[in-house]
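[1] Next come a sequence and a model predicted from it.
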Amino acid sequence: MLTIYGAYRSRATRTYWLALELGLDFTSVPVLQARRLENPLSADAPVNTLSPAFLKVNPMGLIPAIDDDGFVVIESMAINLYLARKHGGPLAPATLKEETEASMWSFFAATALETEALRISSTAAAGKLEAEDGKAEVAAASRLLERPLRVLDAHLAATGFVVADRFTVADINVAEIVRYAQPATALIGKFPHVKAWLEKVQARPAFKTMWERRAAEPA
Ligand SMILES: N[C@@H](CCC(=O)N[C@@H](CS)C(=O)NCC(=O)O)C(=O)O
C-alpha cells in the first residue's frame, strides 16, 4: 500500500497529481506545515511536520514523504521519479536518456526556479501583488527567473513537453514549480511556449482533481 504524507496546499501536490495520473490506490495521511500552527507541539495540534510521529517518517520534518510497502522516500522529485519508474507506462521515462532528461529537468526546476517562483507565490498568497513592496518582490524574483524560463521556453518549443514528445512525470515536476510563478502574469506572458504548456498540462483531469482537493483545504 502506498501512503502519501502531506497536504494539498504544499509541495505534495506534485505527488498527488502523479498518483492520480497513474491511477494509484493510495492513502493520504494529512500532515500540516508546522509554521501554519500557533503551537504545533501542543497535545491537541493536528499532525504536522514537527509531530514526533511524522518525524519518524521524515526526520527532516518536510512534506511530502511516502511509505510504499515499507520503503520510505523523502524529497518530492525523488518520490515522483521513483513512482513513475515503478509503475511504468507513458508517464515513465522509457530509456536511460529519457530517465536522465527527466532527472535533469526536475533538478533544473528545483534549483534554478523554485526559490524565486515561491517568492512570487508567497507574495500572491499574502494578497500583495498590487502593493508597492509586493511589486518590488515580484520584480526582483522575475528578473532572476528570466534566464531559466527562457531556457525552458526554448526547450518546450521543440515538442511542447519536457521529455520526449509526450506528457511524463517530468512535466509534473517542472509544471508544479513553474505554477508558483504564474501569478506574475507579465513574466509568464514573455514565454509563449511555457504559457501554452502550462495551460495544456493544467487542463488534464488529474490536475483538476488535485486542484479541487487543494481548494477544499483551508488556506
Ligand atoms: N526539497 C523538499 C522540500 C519540501 C518542503 O520544503 N516542504 C514544505 C512544505 S511545501 C514543508 O514541509 N515545510 C515544513 C513547514 O513549513 O513546517 C521537497 O521537494 O520535498
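    Alright, I've got the coordinates. From a predicted model like this one, the values you see are computed outputs, not experimental measurements. Numbering: from 1, shown residues only.

[2] can you list the residues of this structure near the ligand?
    For the chain, the contact set with the ligand under Cβ under 6 Å from any ligand atom comprises 10-11, 33-35, 49, 62-64, 75-76. No exception for glycine: its C-beta is placed from N, CA and C like everyone else's.

[3] switch to 5 Å and redo it
    Taking Cβ under 5 Å from any ligand atom as the criterion, the chain approaches the ligand at residues 10-11, 33-35, 49, 62-63, 75-76.

[4] can you pick the most crowded of those residues?
    The residue in those with the most neighbours, by other Cβ atoms under 10 Å, is residue 76 (27 neighbours).

[5] tell me the domain boundaries of this structure?
    Using automatic domain parsing, the domain parsing of the chain gives 2-87, 96-207.

[6] Dump these to CSV, plus mean pLDDT.
    CSV is the format used below for the domains of the chain (pLDDT from 0 to 100):
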stretch, mean pLDDT
domain 2-87, 98
domain 96-207, 98
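
[7] out of those, nearest to residue 214?
    In terms of Cβ to Cβ, the element of the domains of the chain nearest to residue 214 is domain 2-87, at 3.8 Å.

[8] Indicate which one of the domains of the chain is closest to residue 215.
    domain 2-87 (8.2 Å).

[9] re earlier: taking the residues of the chain next to the ligand together, which two end up most distant?
    Farthest pair in the residues of the chain next to the ligand (Cβ to Cβ) is 35 and 75. Separation: 19.2 Å.

[10] Could you export the residues of the chain next to the ligand as CSV, including secondary structure?
    Formatted as CSV, those follow (DSSP: H, G, I helix; E, B strand; the rest coil):
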residue, secondary structure
10, coil
11, coil
33, coil
34, helix
35, helix
49, coil
62, coil
63, coil
75, coil
76, helix
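
[11] Out of the domains of the chain, the one nearest residue 213 is which?
    Per Cβ to Cβ, nearest to residue 213 of these: domain 2-87, 4.8 Å.

[12] The closest one: end-to-end distance?
    This stretch, domain 2-87, spans 12 Å end to end (Cα to Cα, to the nearest Å).

[13] which stretches of this protein form helices?
    Listed in chain order, the helices of the chain (DSSP state H) span 13-22, 52-57, 76-87, 96-108, 114-125, 132-159, 169-178, 185-189, 192-202, 205-216.
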